[in-house]
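Participant: structure for the following, please:
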Amino acid sequence: MKKNILLCIAIVSVFSCNIYSQKAKLASADKKYDSYAYINAIKTYERIAEKGYKSVMMYQKLGNAYYFNAELDKAAKWYGELFAATSDVEPEYYFRYAQSLRSIGENDKANEMMNKFNQLSDNDNRGQLFKKNQNYLDAIKENSGRFKIENAGINSKYSDYGTTMYNNKIYFATARDTGSLGHRKHSWTDQFFTNLYTADLSDEMTASNPKKFDKAINTKFHESTPVFTKDGTTMYFTRNNYLDGKRGKDGKNVILVKLYKATLVDNKWANTTALSFTSDNYSTAHPTLSADEKTLYFASDMPGTLGQSDIFKVKINSDGSFGTPENLGNSINTAGRETFPFVNDENELYFASDGHPGLGGLDIFVSKINTNGTFNEVKNIGADANSSKDDFAFVIDTKSRKGFFSSNRDGGQGFDDIYQFLETKRLICEQLLYGEITDLNSKILLPDTKLTLYDSQFNLISTTVSDEKGNYSFAVECGKSYNVRAEKPEYTTIEQKVKVPKENGKTYLPLALEKEQCKVTIGDDLGKCFGIKMIYFDLDKSDIRMEAALDLEKILDVLNQYPSMKLDIRSHTDSRASFKYNEALSDRRAKSTIAWLVKNGIKANRLTGKGYGENQLVNKCSDGVQCTEEEHQMNRRSEFIITDL
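Facilitator: Below you'll find the model as predicted:
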């Protein structure tokens, strides 16, 4: 196969809010009931931060809010505050801060952040070129021992390779001598030029009775690697640059290989033509079709190739014409050879490469094709299938997990041989990452939410939209870490990291979005706009702590925005300690909260308040009932009930 491979490819927010206006004739009570106030939480956070209050969470929210909206100059400001407050942040924030700094010309500091980012993120390829894993042999070992392999039983002493399964038959290329005086040997390999052969497949996927394929397709030059449409009326295949008795040559007088198309007419193959994007000056070979038959994948050394040969794809238009070929990029292609692609009905791309870390020669690799056209991690399929020699042309039936590949490994029958296999264990372990999107406060389900899936290095994998019930799902790999971003108009964009277990199954990840503009009316709890569950006090005390002051600043800001708003401040405790003590303590705390707001400029007649102690428990946790700390926490709460707008 050493030179034959080369022959075969020829070397081979803007948010809008509606202010509900009311008819002038409505009664005052109706006005207040139906009037809503829209609270811009992000702007409130910003005003509080400007006053000097510090909060890591607040700085992250502000930085992300501007970063996601491409306002990088503003993002740089708040990420700067974040890093001034703490160095205990995830690596991704170093990257975002660096990008933001570059937007304002602070390149030296940006480089400093990127250096730190590389240290913390194992040299993410956004910071510098990917460094190959020094322990790749360990990964190959983990992937090994998954195949039962045997000779396919149709090999000759010549070169046999490149199988395609279709309609209970396999099709393959062979250089076997049929005894015809017209057969010629190629001077590079001393092998006969290959023709296409076919063999029957039993129910057990055993091949037998090999015989020559259609003479309208086979010529005196090389033919190989056919693929058929599901209806059997069209085939794509590889052939030397030879059609209708005419040979095409490149500038060096070499006959390269091309992709051809033929159609079945009256049960005979006819209308053979070279595909429109092929050329005399570069090679195209080894076609495979996507499951929907709208994309053709192939190998080529055409302009734009990253190495010796790359894998490309091209769109098949509805009228049978072709789009512009696209290189699959450096996640698949290397400076070496990538060739013999095969795409199965589970959107897995198998291919041969000597550029990715392997066992020697060409190895077989696989990568999952995501719905957006990107690729998951490239995996060596392991020893047994791969060897120290050339291993290539892997095809698999996803239902039976049986298939064929070609190799020139030791112990074979000819120059190249076809091997059949049974895959006993799946390589790509998959999980279903799923959940529902809800409103953080109201808990209502949120349909039409955009979900974006990133890998651990924040490379885009896939996007989707939640359905009418707010549900979403992604197919992900086992044992990997991912980042899920949820975006919806009028809500603050969030991102959440998730580590997927190492076994097949499902991972549940619900996401709750916070209204960017919180809508409240009379009787609502203003504290829910900002997730305020309780105002913190020291044990048995009613002095306002710094954490409490940060939350009270949010309430203060809203009261200043809406001078007619009035609040009833209610403080609650859990059932522990005596009834009388809890009532007195909660009352002192409610009054301390009012005093703090009055001290900071709010008129006393806008505020009322009372401590309810354990009078209004929200669950079963009364005296004598065994409860967890989390259950008790639900009863220790502060409420800011709007009594007037």
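Participant: can you give me the strands for the stretch 451-600 of the chain?
Facilitator: Ranges of strands in the stretch 451-600 of the chain, per DSSP state E, counting those that start in this stretch, are 460-465, 471-477, 481-487, 494-499, 505-508, 511-513, 517-520, 566-572.
Participant: any chance of the ones you listed in CSV, with mean pLDDT, mean neighbour count and distance to S353 too?
Facilitator: Every residue, glycine included, has its C-beta placed from N, CA and C. Formatted as CSV, the strands of the stretch 451-600 of the chain follow (pLDDT from 0 to 100; neighbours: other C-beta atoms under 10 Å; distance: least, C-beta to C-beta, whole Å):
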stretch, mean pLDDT, mean neighbour count, distance to S353
strand 460-465, 91, 16, 22
strand 471-477, 92, 20, 20
strand 481-487, 95, 19, 26
strand 494-499, 94, 15, 29
strand 505-508, 94, 12, 31
strand 511-513, 95, 19, 38
strand 517-520, 83, 20, 52
strand 566-572, 91, 22, 65
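Participant: can you redo the ones you listed as JSON lines with distance to V618?
Facilitator: JSON lines is the format used below for those (distance: least, C-beta to C-beta, whole Å):
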{"stretch": "strand 460-465", "distance to V618": "35"}
{"stretch": "strand 471-477", "distance to V618": "28"}
{"stretch": "strand 481-487", "distance to V618": "28"}
{"stretch": "strand 494-499", "distance to V618": "26"}
{"stretch": "strand 505-508", "distance to V618": "26"}
{"stretch": "strand 511-513", "distance to V618": "19"}
{"stretch": "strand 517-520", "distance to V618": "20"}
{"stretch": "strand 566-572", "distance to V618": "8"}
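Participant: nearest to R409, of the ones you listed?
Facilitator: strand 471-477 (29.3 Å; C-beta to C-beta).
Participant: for the closest one, C-alpha coordinates in PDB please.
Facilitator: The C-alpha coordinates for strand 471-477 follow below in PDB (Å, rounded to 0.1, in the frame of the first residue of the first chain):
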ATOM      1  CA  ASN A 471     -36.900  21.800  27.000                       C
ATOM      2  CA  TYR A 472     -33.600  21.400  25.300                       C
ATOM      3  CA  SER A 473     -31.000  18.700  24.700                       C
ATOM      4  CA  PHE A 474     -27.500  18.100  23.300                       C
ATOM      5  CA  ALA A 475     -25.800  14.900  22.400                       C
ATOM      6  CA  VAL A 476     -22.400  15.000  24.100                       C
ATOM      7  CA  GLU A 477     -19.400  12.800  24.800                       C
END
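Participant: point out where the stretch 1-150 of the chain drops to low pLDDT.
Facilitator: Across the stretch 1-150 of the chain, the ranges flagged by pLDDT under 70 are 1-39, 69-70, 103, 122-137.
Participant: could you pull out the strands in it for me?
Facilitator: Counting by DSSP E, counting those that start in this stretch, the strands of the stretch 1-150 of the chain are 37-40, 147-151.
Participant: so which bits of the longest one are buried?
Facilitator: Residues of strand 147-151 classed as buried: F147 (neighbour count, 16 or more other C-beta atoms under 10 Å).
Participant: same question for stretch 603-622.
Facilitator: Buried residues in stretch 603-622 (16+ other C-beta under 10 Å): 606-607, 609-614, 617, 621.
Participant: that stretch - what's its average pLDDT?
Facilitator: The average pLDDT within stretch 603-622 is 89.
Participant: what's it in contact with?
Facilitator: 559, 565-575, 579, 582-591, 593-594, 597-598, 627, 631-632, 634-635, 637, 643 (C-beta atoms under 8 Å, 6 or more residues apart in numbering).
Participant: recalculate using a threshold of 7 Å.
Facilitator: By C-beta atoms under 7 Å, 6 or more residues apart in numbering, the surrounding residues in contact with stretch 603-622 are 559, 566-575, 579, 582-583, 585-591, 593-594, 597-598, 627, 631-632, 634-635.
Participant: can you say which of these are buried?
Facilitator: For the contacts of stretch 603-622, buried by 16+ other C-beta under 10 Å: 559, 566-575, 582-583, 585-591, 593-594, 597, 627, 631-632, 634-635.
Participant: hang on, the earlier thing: between the buried residues of stretch 603-622, which is nearest L362?
Facilitator: Ranked by distance to L362 (C-beta to C-beta), the buried residues of stretch 603-622 are led by C621 at 66.8 Å.
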